[in-house]
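Novice: Next input, structure requested:
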Amino acid sequence: MLTKRYCCLKKKCEALLAGKEMEKGIELGKKYIEKYSSSYFLKFMIGFLYNMYSWRSKNKAAADKYELYDLNIY
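Specialist: Here you go, the predicted model:
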């Protein structure tokens, strides 16, 4: 049952990251990770999103920042 909830949370994050509100998607992902800090599955999914959507950032420094979020999740 939790996996279904985590997938729903991932979809919300992904919608923001894929749209025009990338920063909101990152902040939402951080909130979910703080709320469900013991879930490595959720951390994996959100980290994957950070990594996959980092290319959409406006410059190299921002992309590196998003990738750092991914590395520091665990």
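Novice: For the lengthiest helix in the chain, what does the pLDDT average out to?
Specialist: With secondary structure taken from DSSP state H, the chain has its longest helix at helix 2-18. Averaging pLDDT along helix 2-18 gives 81.
Novice: Mind listing residues that contact it?
Specialist: 22, 24-26, 28-29, 32, 36, 39, 41-42, 45-46, 49-50, 53, 56 (Cβ atoms under 8 Å, 6 or more residues apart in numbering). For every residue, glycine as well, the C-beta is placed using N, CA and C.
Novice: please redo it, this time with the cut-off set to 10 Å
Specialist: 21-33, 35-36, 39, 41-46, 48-50, 52-54, 56, 66 (Cβ atoms under 10 Å, 6 or more residues apart in numbering).
Novice: Show me which positions of that helix end up buried.
Specialist: Residues 6, 9, 10, 13, 14, 16, 17 are the ones in helix 2-18 that count as buried (16 or more other Cβ atoms under 10 Å).
Novice: got any ranges where the protein has weak pLDDT?
Specialist: Residues of the chain meeting the criterion pLDDT under 70: 1-2, 63, 66-67, 69-71, 73-74.
Novice: Could you pull out the strands in it for me?
Specialist: For the chain, no strands are identified by DSSP state E.
Novice: residue closest to the middle of it?
Specialist: residue 46 (3.6 Å; Cα atoms, centre = their mean).
Novice: Not counting its neighbours along the chain, what's nearest that residue?
Specialist: residue 29 (4.3 Å; Cβ to Cβ, 6 or more residues apart in numbering).
Novice: Pull the number of nearby residues for the one you found.
Specialist: Per other Cβ atoms under 10 Å, the neighbour tally for residue 29 reads 27.
Novice: Identify the residues contacting it.
Specialist: Per Cβ under 10 Å, 6+ apart, neighbours of residue 29: 9-10, 12-14, 16-17, 42-43, 45-47, 49-50, 69-70, 73.
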